[in-house]
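Participant: Below is the structure, and that's it, no one-letter string:
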């Protein structure tokens with residue numbers, strides 16, 4: 001999976017798979033939290049963060065299936081546990097760069113909303129005059 005993500009990115013994953021759906025949800029959530037209009041730099045960070053999140057989830061799944069997180073012979077943590085922490089730290093840094101506070105999406109003023117609705121209603125009435 002790591003090779004596929006590195007070469008293809010999350011956009012090239014089969015959209016029907018659970019992995020692709022999780023990546024898409026994660027990216028959409030981040031875009032929404034940024035107010036809905038991220039910059040190109042933010043989009044690049046979001047893409048890398050989604051890849052990292054998928055790798056982290058995969059490593060977490062593998063680690064949780066191990067009988068022990070400690071190599072008894074060496075009396076040390078499995079190397080995958082340290083690498084998992086590096087992935088988690090990397091993801092946290094990326095999310096920190098994006099900002100931890102949710103930003104509200106721009107809201108249309110009341111006058112602009114009323115004018116737009118009046119124009120839409122007039123257009124509908126013109127199309128359906130009866």
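Facilitator: Good, I have the coordinates. Small disclaimer: the values here were computed from a predicted structure and weren't measured. Numbers count the residues shown, from 1 in each chain.

Participant: Now the longest helix anywhere in the chain: buried residues?
Facilitator: The longest helix of the chain (DSSP state H) is helix 40-64. By 16 or more other Cβ atoms under 10 Å, the buried positions in helix 40-64 come out as 42, 45-47, 49-56, 58-59. C-beta: built from backbone N, CA, C; applies to glycine.

Participant: Could you do stretch 91-103 as well?
Facilitator: 91, 94, 95, 98.

Participant: Could you list which of those residues belong to helices?
Facilitator: 91, 94, 95, 98.

Participant: Quick check: phi and psi at residue 66.
Facilitator: Phi and psi for residue 66, reported as degrees, to the nearest 10, are phi -80, psi 140.

Participant: Was I right to think it contacts residue 78?
Facilitator: Yes: Residue 66 lies in contact with residue 78 (Cβ atoms under 8 Å); the separation is 6.8 Å.

Participant: More neighbours: those two, which one.
Facilitator: Neighbours were counted for residue 66 and for residue 78 using other Cβ atoms under 10 Å; residue 78 has more, 16 against 11.

Participant: picking up where we left off before, make CSV out of the buried residues of helix 40-64 and add pLDDT.
Facilitator: Below are the buried residues of helix 40-64 laid out as CSV (pLDDT from 0 to 100):
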residue, pLDDT
42, 94
45, 95
46, 95
47, 92
49, 95
50, 93
51, 90
52, 94
53, 93
54, 90
55, 91
56, 94
58, 90
59, 93
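
Participant: so which of those comes closest to residue 116?
Facilitator: Minimum distance to residue 116 across the buried residues of helix 40-64 is 28.0 Å, recorded for residue 42 (Cβ to Cβ).
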